[in-house]
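Enquirer: would you be able to build a 3D model of this:
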Amino acid sequence: MAQKAWILRYGELGLKSRVVRRQFQRALSNNLDRISKNAKVPLIKDRIKTMEVVTSDSSNEVTENLLCHLLGVVIIDRSEIIADCIDPVTVSKEILERDTLRGKPRTFGVRTRRVGARGEYTSQEYSGEIGAAMCELDETLSVDLTNPDIWVRLVLEIDCVWHMSKRIEGAGGLPPGVQGDVLCKITDEDTLLSSFLIMRRGSRLIPVEGSDEKLLDILRRWDPFIGRTTREWTRERIQRDRYPWGVVGLSIDEGEQLIVRAEGRKTTPLSTLEPLCGWTDEEKISLKKHILEPSLYPCVPDIEAWVS
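Expert: Next comes the predicted model:
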């Protein structure tokens, strides 16, 4: 039986320096562990060289819904090992057996990513071999590398081939907790949406008294560590709590009353954060749908223009 797995792909997280990237990946991994534990969905984390891989015995629907709550991941590729060899004809037969449109005229393209030590093929050479073999095995196929009906996505290892059968849009953003803490008072839909946008940019939400617990439970599906103050290292290698740097749903004066600042410690003054400024009602509705059911309603395209 083919191994069922999901390959997680990062966006801007992958552009960070090596030290910062490791810190962000650690935060993402911790969030994934806790989210899966809270949802009672067992996951096993692995790697294909530089790519993060998750396997699970749960259904595709349950697993993908959980992974769509993982901030910092832009693409989730449902994948499986379709061949324990790299012979292009064998691999092409396996791909065509899984093609629900087989026998109908259609266009296709092949994209291959080679990982590990260089073997018999480069990525481009292997894509060409697979394309030629598929056309020979199915005469209804034709190649289109610009806008094909089907993209065949493969990961080529030295002794096996992964087939990425379905591409799912992830939540994007950054893992919560990597960009400091923000005080929030979540009492209505607007403060819920605003807090989510701030969380999506990597901030840890610290709810204050008076926040609606039902609304907080919605956000805890995305960040199970809500309310836990993040830590930082000093130059003397001493770890200490971070001070919040912003407020959502309350004033700066209200926020300052909740912070005990150490004398002589350099700090950043609080800022009022209003990420929904300028949003239309339709955009807010789309964002709310995404927050509640991210696997059904991907992150609306306009979000990148507003908060990235």
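Enquirer: which stretches in the stretch 201-308 of the chain count as helices?
Expert: With helices called from DSSP state H, counting those that start in this stretch, the stretch 201-308 of the chain shows them at 213-220, 252-256, 281-292, 302-307.
Enquirer: closest to residue 269 out of those?
Expert: In terms of CB to CB, the element of those nearest to residue 269 is helix 252-256, at 7.9 Å. For the C-beta atoms, the positions are set from N, CA and C on the backbone; glycine is no exception.
Enquirer: and the closest one, average pLDDT?
Expert: Computed over helix 252-256, the mean pLDDT rounds to 95.
Enquirer: now do the buried residues in that helix.
Expert: residue 255 (16 or more other CB atoms under 10 Å).
Enquirer: and the contacts of that helix?
Expert: 183, 185, 208, 244, 247, 269, 270, 271, 272 (CB atoms under 8 Å, 6 or more residues apart in numbering).
Enquirer: chain center to it: distance?
Expert: With CA atoms, centre = their mean, to the nearest Å as the basis, helix 252-256 stands 33 Å off its chain's centre.
Enquirer: how does this structure divide up, domain by domain?
Expert: 4-81, 85-159, 181-307 (automatic domain parsing).
Enquirer: if we can go back for a sec, and of the helices of the stretch 201-308 of the chain, who's closest to residue 88?
Expert: Among the helices of the stretch 201-308 of the chain, helix 302-307 comes nearest to residue 88, with 37.7 Å by CB to CB.
Enquirer: strands of the stretch 151-300 of the chain, residue ranges please.
Expert: With strands called from DSSP state E, counting those that start in this stretch, the stretch 151-300 of the chain shows them at 161-169, 181-184, 204-207, 231-233, 239-241, 246-248, 271-272.
Enquirer: mean neighbour count and distance to residue 105 added to these, as JSON lines?
Expert: Formatted as JSON lines, these follow (neighbours: other CB atoms under 10 Å; distance: least, CB to CB, whole Å):
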{"stretch": "strand 161-169", "mean neighbour count": "19", "distance to residue 105": "21"}
{"stretch": "strand 181-184", "mean neighbour count": "24", "distance to residue 105": "54"}
{"stretch": "strand 204-207", "mean neighbour count": "23", "distance to residue 105": "52"}
{"stretch": "strand 231-233", "mean neighbour count": "10", "distance to residue 105": "59"}
{"stretch": "strand 239-241", "mean neighbour count": "10", "distance to residue 105": "63"}
{"stretch": "strand 246-248", "mean neighbour count": "24", "distance to residue 105": "53"}
{"stretch": "strand 271-272", "mean neighbour count": "12", "distance to residue 105": "58"}
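Enquirer: now for the ones you listed, which one comes closest to residue 297?
Expert: With CB to CB as the criterion, residue 297 lies closest to strand 161-169 of the strands of the stretch 151-300 of the chain, at 9.9 Å.
Enquirer: what mean pLDDT does that closest one get?
Expert: Across strand 161-169, pLDDT averages out at 92.
Enquirer: how far is stretch 13-32 from where the chain is centred?
Expert: Stretch 13-32 has its C-alpha centroid displaced from the chain centroid by 12 Å (CA atoms, centre = their mean).
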